[in-house]
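A.B. asks: could you look at this predicted model? Sequence included:
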Protein chains: 2
Amino acid sequence: MLKLDLSKIAGFIPQDYVDSRKANLEQAAQMLAAHNGPGGDYTGWVYLPRDYDKEEFARIQAAAKRIQQQSQVLVVIGIGGSYLGARAVVELLASPNYNLKKKDTPDILFAGNGLSTDALLETISLIGDRDFSVNVISKSGTTTEPAVAFCIFKTMLEEKYGKEGARERIYATTDKARGALKGLADGEGYEEFVVPDDVGGRYSVLTAVGLLPIAVAGIDIQALMDGAAQAMEQLSVPGVDNPAWQYAAARHALYENGKKVELLACYEPCFRFFAEWWKQLYGESEGKDGKGLFPASVEYTADLHSMGQYIQEGERLMFETVVQFRPKGEYVIPNDPANVDGLNFLSGKPLSFVAQQAMRAVILAHVDGGVPNVLIQMPQLSALSAGYLIYFFEYVCGLSGYLLGVNPFNQPGVEAYKVNMYALLGKPGYEAQKSELEARL
Amino acid sequence: MLKLDLSKIAGFIPQDYVDSRKANLEQAAQMLAAHNGPGGDYTGWVYLPRDYDKEEFARIQAAAKRIQQQSQVLVVIGIGGSYLGARAVVELLASPNYNLKKKDTPDILFAGNGLSTDALLETISLIGDRDFSVNVISKSGTTTEPAVAFCIFKTMLEEKYGKEGARERIYATTDKARGALKGLADGEGYEEFVVPDDVGGRYSVLTAVGLLPIAVAGIDIQALMDGAAQAMEQLSVPGVDNPAWQYAAARHALYENGKKVELLACYEPCFRFFAEWWKQLYGESEGKDGKGLFPASVEYTADLHSMGQYIQEGERLMFETVVQFRPKGEYVIPNDPANVDGLNFLSGKPLSFVAQQAMRAVILAHVDGGVPNVLIQMPQLSALSAGYLIYFFEYVCGLSGYLLGVNPFNQPGVEAYKVNMYALLGKPGYEAQKSELEARL
């Protein structure tokens, strides 16, 4: 399913970069399997593609059908891991232009992932007078952005459909037992789905958190799980031939040899938000204790005419990971009899041939410029291949965090700004910090 | 118009960072003004907001009106500087959801900025049977991506409207005197606009390159130019009080003190592609000779729950530049009598108040975490303020390149992959390289 080519990092790191990390990889894989490494309480994602709740899965599919029938718009309220996974997969598999397309599934609008007044007002106006439903996704129910957004859209639903009608259109994905949103959902009688205790936000795309919006967009979530299950099976086999072990070792060796930035590149515009999901996965897992590769992304070939100059000749601080998909369609380049643009040597060739040669050309140019390249080749984009790739990146991330010597499953740094924010907002109990912070501003 | 706050970089760099660079800034400003520094032939953008071709500007406005009347879709074909500026401004001022909105101006679809077969097929299907026009933007007419796309969409137009009809719907922005596209446009009788000789692609958004698509989206391009002219006038005044001098000095000092990544942050989702335009501007201008700040971007508050962990606690290799706009609308947070989410201390407060406190909270948290912060405060988003900001970033970029000791107006590294690509594609004349490259793959 996935072909990993590491030949273009040779020369940048010692040849034995996998073997020399074998013991550590073995240990990391064992900790993931046994849930007993740092942050082991949050490694429920490891066997999720096999152990997921089949009853809830069927309810997700049924709820998706109901939403498709009852509404022309689904508003998905969530932030961080309760936002990026769903958006990544919807854009990857149903297109970044999903909402623009003619289709018999609802538009999907994401809300509660920011505090922009103008963006909120625009979302409201995009709904217009169309029927809409809401999927609110929050483990606690008290994260500021989604809580504010849910308050707003719940009020809108109740004004439009009455309290009864609104209840039929609100789907709450939250903690299974406690929390503000859980209490509200129980009280109001919303249909509920679970954010598992042992799966952190950035690993939650294959739980109800990601699956419900993805299913509403008409994507085959069974195939998505099947792809992930394939990856789980193949990547759990220990050994230096395991592509996850190899990639994790390569990343770690490149980092130790001075590469501080990993640049994720793809030649498909629909990959843009998948790269955003990947940035959270890796940035939040590895970026701690003053360590970690800085995750960045580019969209080729567009960015060859933008960041391309920097990548070729700027600071030598990065390596590149390129994800390639075989195209689904075909387009043959027409003939221009006048050959005005001098491109007639391409006439009659498929556009995918040009893309393939461009990618090979770029890899060699960047390697010659001092940028090691990792190539991940995938079959056609599908729910199956996307599921595989999601699990691959998740598993490599777990291994990578342990190789780096950090807890890949916590995110202590995210609290720092929140405490400041509560104080500056005047939240009861934060009075002392408030004046101290104001004095610094 | 623009308020620059550099108080949150104090402590990370020597206090005299502006004064110690005064002589170099003076020289840089003089070279920009006199067009006699490295790359001076490409500094036509410096006085462009004053000296632009008024006759052509009127033709751009007239052509935009004609396109609005004749078509429901404008396909804009271009890559790099012939793509990012127009998309940045359309998304910033007319929304990333511009195409989704109900409006009396045409949808705008960007093409020729990649080689993805599936993205091309989707663009064709999004046009559907609607009337469309094409703005092809290429100085030479031989850059592979736009040349291939133009060949495709020109053929589609001619099949749909005949050769005569197609001529009325093709607008060519190209070299004023030579090149493949110029020759074709002359021969076919397309309306033509000029890519000036003395303005490089990444500086071309305020020429016909950017202005025609921007005007078609219904944006006031006169106000855009007026904003840029205001910036030009204010930033051309030499001295250490000049905010462009201060920001350029700060960037350079931070870079010299080990900060290798500049992270551009904004709290408005509509800023996403403006950040992409900024990445090309800075990455391509500074990223050479093994030097330059690596430009990256984040969208807050979404990415506080994603890259936020890395920024707070990962490798200490970056500083942040935050752009803040005053919101256009207002939204008051409703009251939730049950106070389920514990957020009732925010009831009745405008959402923009929460956003403002969040921003201040983040700045202090990141500074405490070792990330210097630069804050650029703007009035409401408008064509005027956007024009100002564009020129501000352009001018700072020119100064910055000279401070760094590079030619900020060339991009020699972009050729490296192109040579490889032509060889691998079998372009006549590249036979020798082809076998050599194939052997390495």
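C.D. replies: Structure's in. What do you need? Being a predicted model, the structure only gives us computed values, none of them experimental.
A.B. asks: what sits closest to A:Ser285 if chain neighbours are left out?
C.D. replies: Distances taken as CB to CB, 6 or more residues apart in numbering or on different chains put A:Pro408 closest to A:Ser285, at 4.1 Å, once the chain neighbours are dropped. The way it works is simple: take the backbone N, C-alpha and C, and place the C-beta from them, glycine included.
A.B. asks: for the one you found, which residues are in contact?
C.D. replies: With contacts defined as CB atoms under 8 Å, 6 or more residues apart in numbering or on different chains, the neighbours of A:Pro408 are A:Pro38, A:Gly39, A:Ser285, A:Glu286, A:Cys397, A:Gly398, A:Ser400, A:Gly401, A:Tyr402.
A.B. asks: and if you look at A:Met232?
C.D. replies: Neighbour list for A:Met232: A:Val46, A:Tyr47, A:Pro49, A:Arg50, A:Tyr391, A:Tyr395 [criterion: CB under 8 Å, 6+ apart].
A.B. asks: could you pull up phi and psi at it?
C.D. replies: Taking degrees, to the nearest 10, you get phi -60, psi -50 for the backbone angles of A:Met232.
A.B. asks: read off the pLDDT value for it.
C.D. replies: Each residue has a pLDDT score; the one for A:Met232 is 98.
A.B. asks: now do the one 3 residues further on
C.D. replies: According to the predicted model, the pLDDT of A:Leu235 comes to 98.
A.B. asks: could you report the neighbour count for the closest residue to it other than its chain neighbours?
C.D. replies: Nearest residue to A:Leu235, sequence neighbours excluded (CB to CB, 6+ apart): A:Ala244, at 4.5 Å. Residues lying near A:Ala244 (other CB atoms under 10 Å in any protein chain shown) number 26.
A.B. asks: what secondary structure does A:Ala244 sit in?
C.D. replies: What DSSP: H, G, I helix; E, B strand; the rest coil gives for A:Ala244 is helix.
A.B. asks: so what's it up against?
C.D. replies: Contact analysis of A:Ala244 by CB under 8 Å, 6+ apart lists A:Leu235, A:Phe392, A:Tyr395, A:Val396, A:Leu399.
A.B. asks: from those residues, which land in helices?
C.D. replies: Residues from the contacts of A:Ala244 lying in helices, with DSSP state H as the criterion: A:Leu235, A:Phe392, A:Tyr395, A:Val396, A:Leu399.
A.B. asks: and the contacts of the helix or strand where A:Pro146 lies?
C.D. replies: Taking DSSP states H and E as the definition, A:Pro146 sits inside helix A:144-167. Helix A:144-167 has contacts (CB under 8 Å, 6+ apart) with A:75, A:77-79, A:82, A:111-115, A:120, A:124, A:132, A:134, A:136-138, A:141, A:168-170, A:180-181, A:188-190, A:421, B:301, B:331, B:333-334, B:336, B:341, B:343, B:346, B:351, B:354, B:358.
A.B. asks: circling back to that earlier point, closest to A:Phe325 out of the contacts of A:Met232?
C.D. replies: Nearest to A:Phe325 among the contacts of A:Met232 is A:Tyr391, at 16.4 Å by CB to CB.
A.B. asks: test my guess that that closest one contacts A:Leu224.
C.D. replies: No. A:Tyr391 is beyond contact range of A:Leu224, at 9.9 Å (criterion: CB atoms under 8 Å).
A.B. asks: coming back round to it: in PyMOL, how would I select the buried members of the contacts of helix A:144-167?
C.D. replies: For the buried members of the contacts of helix A:144-167, the matching PyMOL selection, counting by 16 or more other CB atoms under 10 Å in any protein chain shown, is:
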select buried, (chain A and resi 75+77+78+79+82+111+112+113+114+115+120+124+132+134+136+137+138+141+168+169+170+180+181+190+421) or (chain B and resi 301+331+333+336+341+343+346+351+354+358)
